[in-house]
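A.B. asks: Okay, predicted coordinates and the sequence, questions at the end:
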Amino acid sequence: MTDTPADQAPFIRPDMKMFLDALAAMGSPAITDMSLEEARESYMTLHGMADRPARDLAVIEDLSCPGPAGEIPLRLYDARETREAGPVISFFHGGGFVIGDLETHHALCTEIAALMDLPLVAVDYRRAPEAPFPAAIEDCEAAARWIASSPEALGRPATGLITIGDSAGGTATIAVSQLLAATPAEATVVLQVPIFPLASDALGSASLGKFDEGYVLTKAAIEFFDAAYQADRSDPRGFPILGDHAAAPPTVLVTASLDPIRDSGRDYAKALADAGSDFTFIEMKGVTHSFCNLRQAVPSTQADLERIIAAMKFKLETP
């Protein structure tokens, strides 16, 4: 895949540019100038302002499951009151493993559950710096295995798992799929959907140098998350590019062309290709990191999400 020449400005969609200009005009402080609670509140405010309202669904229910450090909060979404046995989506939210939670991605989870017409369970894993690496991945793995066991509390027998997440949640998506492939769960991962994930180390990458400021996710924010999360750079749970790609489930991999961690997602696409794995790679042009949560402020990104959903359905229907 070729990059925009150095002397040529990158393509930015008109509605994306309007949003970026509006953010710049607001003059909000950098994440490094905020307290941890201010950073978390700012992330919630951004999504509340920029994302479409949550859909009304037949089921939106808070649950929990056992985890390595106590109960893990979960939220079940379903457009139907009851379900026959079938695939269940396990959703891992973004936010650098530091600032996201169930609420920051609530609207997105309702949308995915409605468009896929499948049950979705969002996982509220432990966050750094209170619980650094590998706490988040341990919780995501435990939750995925609980879902796979078709517990009575879920009320939806799982014939297979679909792991999906954005940003840090995309990293967790790949890591959990690798962990479940190594030690299988009761229901296997039938599809993984990492959306603008950090798969390889982004520090020093060309995309980080090109989009370090002014494109929603900044280099300063990446360094902030990295320092808080403290991922082991030799551990596939922190950097899944180090894992076994030949054992990867069918994959829909998504990147954004204006994302500072874009090249990390491209690295993962190459690793899947080199391993001969079954995957579909989509790079959304002219949009930034977090585009899935900007669907009201940047209306064209709703169609991007629908493209992801269409690719997911295609993969599930393909033998």
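C.D. replies: Nice, I can see it. Worth saying up front: this structure is predicted, and the values here are computed from it rather than measured.
A.B. asks: Buried residues, the helix ranked longest in the chain. List them.
C.D. replies: Criterion DSSP state H: the longest helix present in the chain is helix 300-317. The neighbour-count check on helix 300-317 (16 or more other Cβ atoms under 10 Å) flags 300-302, 304-305, 308-309, 311-313, 315-316 as buried. Where you see a C-beta, it was placed from the backbone N, CA and C, and this is true even at glycine.
A.B. asks: just these now: which is nearest Asp33?
C.D. replies: The closest of the buried residues of helix 300-317 to Asp33 turns out to be Thr301 (Cβ to Cβ; 27.8 Å).
A.B. asks: That closest one contacts Val287, correct?
C.D. replies: Yes: with contacts counted by Cβ atoms under 8 Å, Thr301 reaches Val287, the gap being 6.0 Å.
A.B. asks: Overlap in contacts, those two.
C.D. replies: The contact sets of Thr301 and Val287 overlap at 16, 294 (Cβ atoms under 8 Å, 6 or more residues apart in numbering).
A.B. asks: ok, which stretches of the stretch 1-150 of the chain are strands?
C.D. replies: Assigned by DSSP state E, counting those that start in this stretch, the strands in the stretch 1-150 of the chain fall at 59-67, 70-78, 86-92, 120-123.
A.B. asks: Measure how far the last one is from the centre of its chain, please.
C.D. replies: It stands for strand 120-123. The chain centroid and the centroid of strand 120-123 are separated by 12 Å, computed with Cα atoms, centre = their mean, to the nearest Å.
A.B. asks: Adjacent strands (with direction) for that strand?
C.D. replies: Paired with strand 120-123 in the same sheet, following DSSP bridges, are strand 70-78 (antiparallel), strand 86-92 (parallel).
A.B. asks: just the first one next, same as before
C.D. replies: Based on DSSP bridges, the pairing partners of strand 59-67 within the sheet are strand 70-78 (antiparallel).
A.B. asks: Can I get the strand it pairs with in CSV? Just the C-alpha atoms.
C.D. replies: Taking Å, rounded to 0.1, in the frame of the first residue of the first chain, the C-alpha atoms of strand 70-78 are listed here in CSV:
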residue,chain,number,x,y,z
GLY,A,70,-13.0,-10.2,41.0
GLU,A,71,-16.2,-9.7,39.1
ILE,A,72,-15.9,-8.2,35.6
PRO,A,73,-18.8,-5.8,34.7
LEU,A,74,-20.5,-6.6,31.4
ARG,A,75,-23.4,-5.2,29.4
LEU,A,76,-25.6,-7.3,27.2
TYR,A,77,-27.2,-5.8,24.1
ASP,A,78,-29.7,-7.5,21.9
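A.B. asks: give me phi/psi at the spatially most central residue of the chain?
C.D. replies: Central residue of the chain (Cα atoms, centre = their mean): Asp166, 1.4 Å from the mean position. Asp166 adopts backbone torsions of phi -110, psi 140, taken as degrees, to the nearest 10.
A.B. asks: which residues pair with it across the strands?
C.D. replies: Ile195.
A.B. asks: Next, the contact list for it, please.
C.D. replies: Counting by Cβ under 8 Å, 6+ apart, Asp166 makes contact with 93-94, 105, 108, 195-196, 290, 292-293.
A.B. asks: Can you add pLDDT, distance to Ile72 and neighbour count and give the residues you listed back as TSV?
C.D. replies: Listed next are those as TSV, based on pLDDT from 0 to 100; distance: Cβ to Cβ, whole Å; neighbours: other Cβ atoms under 10 Å:
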residue	pLDDT	distance to Ile72	neighbour count
His93	98	13	27
Gly94	98	17	29
His105	98	16	27
Leu108	98	19	24
Ile195	99	21	28
Phe196	98	24	31
Ser290	98	24	25
Cys292	98	23	27
Asn293	98	22	28
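A.B. asks: I'd like to know which of those residues are part of helices.
C.D. replies: Leu108.
A.B. asks: quick one: which of the contacts of Asp166 is nearest to Asp33?
C.D. replies: So of these, ranked by how close each gets to Asp33 (Cβ to Cβ), first place is Ser290, at 19.8 Å.
A.B. asks: State the distance from the closest residue to that closest one other than its chain neighbours to Ser257.
C.D. replies: Closest residue to Ser290 apart from its sequence neighbours, by Cβ to Cβ, 6 or more residues apart in numbering: Val216 at 5.3 Å. Distance, Val216 to Ser257, using Cβ to Cβ, to the nearest Å: 13 Å.
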